[in-house]
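K.L.:
Using only what follows, build the 3D model:
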Amino acid sequence: MDVGDPMMEAAANGQPRPRCMSGYVDDGSIESHRYYLARRTLLEMLRDRGYAISSSDIDLSLAEFRAAHGQSPDIDRLRISNSLRSDPSKRVLAYFCNPGPVKVNSIRYISGQIANKDGLSGLILVLQGEMTNQAVKALDVFPFKVEVFQITDLLVNITKHVLKPKHRVLTDQEKQRLLKKYSIQEKQLPRMLKKDAIARYYGLEKGQVVKVTYSGDITGTHVTYRCVW
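P.N.:
Predicted coordinates:
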């Protein structure tokens, strides 16, 4: 192996030897790493839903994130608020909750924090603990859709997995053309549950249709469609 290989370092006799593995260990906090990964997945998820997310935000490195937020990030600074590219009047807010159980008082506090924010059409809560039944019921106070994710759900972007087929959400017009082309009704399409990980990633509602493209060396490429239920 070339002595210049970054995986090697010079021994006393001038011969290359493997570098100690400790040199590749992340010496930063686990807390900051988790927040970094979850926030990046959120940004990618919002971009894939059509929100105006800049590439520079998504491409932020872990080192740059830690330089900006430290080893124990302030969760209030991790909030994400962006508008739809197609309709800037519609805006979503992604909100990180404090570690531990989320209770009614937490929901009331969040409600008070965003009460005067005009144009808000959706809220994403990122939990680091369980949400009590009373807190779940209290979500009804919001006049728009509220989505709840555990931070562990966001550490990896599931749509990037090599074994996952490609998903694309059809517009209403595309859906109607599909049904007309095959002379079928919505209920005759294969189903995808709203709680499915892909449906949650894209924030899909009942009745929406997803085009699923499978690719493989043996099976080749084939397409199917699924309707959310």
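K.L.:
got a list of contacts for stretch 52-64?
P.N.:
Residues from elsewhere that reach stretch 52-64 (Cβ atoms under 8 Å, 6 or more residues apart in numbering): 26, 28, 32-33, 36, 40, 43-44, 46-47, 82-85, 88. In short, each C-beta sits where N, CA and C put it, glycine included.
K.L.:
Apply 6 Å and report the result again.
P.N.:
Tyr36, Leu43, Glu44, Leu46, Arg47, Asn82, Ser83, Arg85 (Cβ atoms under 6 Å, 6 or more residues apart in numbering).
K.L.:
farthest-separated two in these?
P.N.:
Pairwise distances across the contacts of stretch 52-64 (Cβ to Cβ) peak at 24.9 Å, for the pair Tyr36 and Arg85.
K.L.:
Which one of the two is surrounded by more residues?
P.N.:
More crowded of Tyr36 and Arg85, by other Cβ atoms under 10 Å: Tyr36, with 22 against 12.
K.L.:
residues in contact with that one?
P.N.:
Tyr36 sits next to Leu62, Phe65 when contact means Cβ under 6 Å, 6+ apart.
K.L.:
what about it, helix or strand, and which?
P.N.:
helix 30-48 (DSSP states H and E).
K.L.:
Return the alpha-carbon coordinates of the helix or strand that that helix is followed by using CSV.
P.N.:
Heading C-terminal from helix 30-48, the first helix or strand you meet, by DSSP H and E, is helix 55-58. Extracted C-alpha coordinates of helix 55-58, given in CSV (Å, rounded to 0.1, in the frame of the first residue of the first chain):
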residue,chain,number,x,y,z
SER,A,55,-29.0,23.0,-0.5
SER,A,56,-26.5,24.8,1.8
ASP,A,57,-28.6,24.0,4.8
ILE,A,58,-28.9,20.3,3.9
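K.L.:
Give me the buried stretch members for helix 55-58, please.
P.N.:
For helix 55-58, burial by neighbour count (16 or more other Cβ atoms under 10 Å) applies to no residue.
K.L.:
All the strands of this protein, residue numbers only.
P.N.:
8-10, 16-18, 80-83, 91-99, 120-128, 145-150, 166-169, 191-192, 209-216, 220-228 (DSSP state E).
K.L.:
check contacts around Pro190.
P.N.:
Arg226.
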